[in-house]
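Enquirer: Let's see this in three dimensions:
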Amino acid sequence: MKVVMVTAGMSGGGTERVIAVLANYMAKQKHEVKIVMTSRDEVAYALDESVQVLSIGGSTGGSLSKRLKRIRDLRRLFKGDKEQVIVSFGTETNLFALLAGFGLQNKIIVSERNDPNQCTYSFLRNMIYRMADSLIFQTADAKGCFPKGIARKGSVIPNPLSGEMRKPVHTVRNKDIVTAGRLEPQKNHRLLIESFQIFAERFPDYRLVLYGKGYLEEELKAFAKESGIEEKVLFAGFADDIQEKLCNAAMFVLSSDYEGVSNSLMEAMALGLPVISTDCPIGGSAMLIKNKENGLLVPVGSATALAKAMEYMAEDPERAEDMGRRAEYVREEYSAEKICKSWIRAIAEGQAHG
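Expert: All right, here's what the predicted structure looks like:
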C-alpha cells in the first residue's frame, strides 16, 4: 500500500510516537510510507530510512489565508497519486485533511487521539467527519461519543507499545513516585503535587519526580514551594532514556483529567511498575487497569483518593510488586506487532471499501 500519514508535527508526544511506531512497522513490511507535517518541521523520533517526511508549512496562527493554503497544499499532494491512502491524526489535522481530499479518489481515514468531548466545535467536526471513509478510535468510549452515522464507520485500535521495551526489573525499588507527560492542564500535575503532600505526611522518605516539559512548569514549581514540599518534588524535564529512569521507581502515577490511551501509563505497566491512574475519560486507563489486580484506579480530581492509593502501594511493597507483575500483560496484549497489524487491516479495508 501507499500510505500518507498526516500530522501537525513529529516533535514529541503520544500521537507522534504512535505514528513513528506504525510508520516504521509498515516500512519494514514494504509498504510505501510518507509522513506529512502540516505545522512543524522537527522530527523527534527515529524513522526507517525508507519513510519519506515532508513539511508543508508552519503554524497558521488562526490566519484564514494560511489555513486555505494548507488545504491547497495538502490537496495538491493527495491529488498527485490517487492510490495513496490518507491517514490523518488529531481532530484539527483531520478537518484539514478531509477538506483537502473532498471530491478526490483517495481514501481518507481519520484517527481521534484524545477525548472527543473536549472538542469546542463538535458540530463542525461531526459534519466534516461524515466525509471520512473510515475512522479509528482509541477506545470504545471514544467511539460512543459520536453519532451513529460516524461511529458505524469506525474501528477501535488502542495504542501500541514501543517496539523496544526494556525488560521489567523486580528488585528492591527506590523511593521515587514518578510520572511522565507534558506539564499542561490536561495532565493535572497540580492534583498530583497536592496528593503527594498528603502522602508525604505518612511517608516522608519518598520524593515525587515529574518527567516532561510544558508551559506550566514554573507555576507547578511555585505550587510545590507553597505546599512546603519543594525539596521533595523534582522536575526532571524530558528524558531520552525514560525507561531507564522509570524502571526502579516505587510506583507510577497518572493524574490526568482526560486521556486517550496514555502511552506513559502503558509503558510503565510494561516495565512492571505498580501503577495508579485516575479513571479518566475516555476509558483508556480503565481499559488497561483492573482495579487492585494490576494497578489502582481513582476518581478524577480527588486529591484524597489519589493520596490514599499511593499509601496503599507504599504500605505493602510486596502487594504493590505483585500488581506490577500482573501489569506486564500489556507487553503482549498491546505489542507493536499486534497493534500495527490491526492498523494495516483497517487501512486495507478502508482502501477497499471506502
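Enquirer: what comes into contact with the helix ranked longest in the chain?
Expert: With DSSP state H setting the assignment, residue counts place helix 336-353 as the longest helix in the chain. Identification of contacts with helix 336-353 by Cβ atoms under 8 Å, 6 or more residues apart in numbering yields 1, 3, 21-22, 25-26, 29, 31, 85, 87, 107, 109, 133-134, 136, 155, 157-163, 332. (Glycine included, C-beta is placed from N, CA and C.)
Enquirer: How about stretch 222-240?
Expert: By Cβ under 8 Å, 6+ apart, stretch 222-240 touches 12, 180, 183, 190, 193-194, 196-197, 200, 206-213, 217, 220-221, 245.
Enquirer: One more: stretch 75-93?
Expert: Against stretch 75-93 from outside (Cβ under 8 Å, 6+ apart): 1-8, 15, 18-19, 34, 36, 38, 54, 56, 94, 96-98, 100-101, 104-114, 116, 119, 125, 347, 350-351.
Enquirer: show me where this protein has strands.
Expert: 2-7, 32-37, 52-55, 84-89, 108-111, 134-137, 154-156, 176-180, 207-211, 233-237, 251-254, 275-278, 296-298 (DSSP state E).
Enquirer: Turn those into a markdown table, columns for mean pLDDT, mean neighbour count and distance to D322.
Expert: A markdown table is the format used below for the strands of the chain (pLDDT from 0 to 100; neighbours: other Cβ atoms under 10 Å; distance: least, Cβ to Cβ, whole Å):
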| stretch | mean pLDDT | mean neighbour count | distance to D322 |
| --- | --- | --- | --- |
| strand 2-7 | 97 | 23 | 39 |
| strand 32-37 | 97 | 22 | 41 |
| strand 52-55 | 96 | 15 | 44 |
| strand 84-89 | 97 | 25 | 37 |
| strand 108-111 | 97 | 28 | 35 |
| strand 134-137 | 97 | 23 | 32 |
| strand 154-156 | 95 | 19 | 30 |
| strand 176-180 | 97 | 24 | 18 |
| strand 207-211 | 98 | 21 | 23 |
| strand 233-237 | 96 | 16 | 28 |
| strand 251-254 | 98 | 27 | 13 |
| strand 275-278 | 98 | 28 | 13 |
| strand 296-298 | 98 | 23 | 13 |
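Enquirer: Now those in a markdown table, please, with extra columns for distance to A305.
Expert: Shown next, in a markdown table, are these (distance: least, Cβ to Cβ, whole Å):
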| stretch | distance to A305 |
| --- | --- |
| strand 2-7 | 36 |
| strand 32-37 | 40 |
| strand 52-55 | 43 |
| strand 84-89 | 33 |
| strand 108-111 | 32 |
| strand 134-137 | 28 |
| strand 154-156 | 28 |
| strand 176-180 | 15 |
| strand 207-211 | 17 |
| strand 233-237 | 20 |
| strand 251-254 | 12 |
| strand 275-278 | 9 |
| strand 296-298 | 4 |
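Enquirer: Next, count neighbours for A8.
Expert: Other residues near A8 come to 18 when the count uses other Cβ atoms under 10 Å.
Enquirer: I'd assumed A305 was in contact with N291.
Expert: No. Contact criterion Cβ atoms under 8 Å: N291 and A305 do not qualify, at 11.8 Å.
Enquirer: who's more crowded, these two?
Expert: Ranked by neighbour count (other Cβ under 10 Å), N291 and A305 place A305 first, with 17 against 14.
Enquirer: Need the nearest residue in space to that one, chain neighbours excluded.
Expert: V298 (4.3 Å; Cβ to Cβ, 6 or more residues apart in numbering).
Enquirer: so for the longest helix of the chain, what's the average pLDDT?
Expert: Average pLDDT, helix 336-353: 85.
Enquirer: distance between that helix and the chain's centre?
Expert: 19 Å (Cα atoms, centre = their mean, to the nearest Å).
Enquirer: could I get it in CSV with only the CA atoms?
Expert: The C-alpha trace of helix 336-353 is given here as CSV (Å, rounded to 0.1, in the frame of the first residue of the first chain):
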residue,chain,number,x,y,z
ALA,A,336,3.7,-3.1,18.4
GLU,A,337,3.3,-6.0,16.1
LYS,A,338,-0.2,-6.9,17.2
ILE,A,339,-1.5,-3.3,17.1
CYS,A,340,0.2,-2.4,13.9
LYS,A,341,-1.3,-5.4,12.2
SER,A,342,-4.7,-4.1,13.3
TRP,A,343,-3.9,-0.8,11.7
ILE,A,344,-2.8,-2.4,8.4
ARG,A,345,-6.1,-4.4,8.3
ALA,A,346,-8.1,-1.2,8.9
ILE,A,347,-6.2,0.8,6.3
ALA,A,348,-6.6,-2.0,3.8
GLU,A,349,-10.3,-2.3,4.5
GLY,A,350,-10.7,1.5,4.2
GLN,A,351,-8.9,1.3,0.8
ALA,A,352,-11.1,-1.5,-0.4
HIS,A,353,-14.5,-0.3,0.9
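Enquirer: Tell me how many other residues crowd the nearest residue to Y334 once chain neighbours are set aside.
Expert: Leaving aside its chain neighbours, Y334 sits nearest to L161 (5.2 Å; criterion: Cβ to Cβ, 6+ apart). Using other Cβ under 10 Å, L161 has 24 neighbouring residues.
Enquirer: Surely L161 is in contact with E267?
Expert: Yes. In terms of Cβ under 8 Å, L161 counts as a neighbour of E267; the distance is 6.6 Å.
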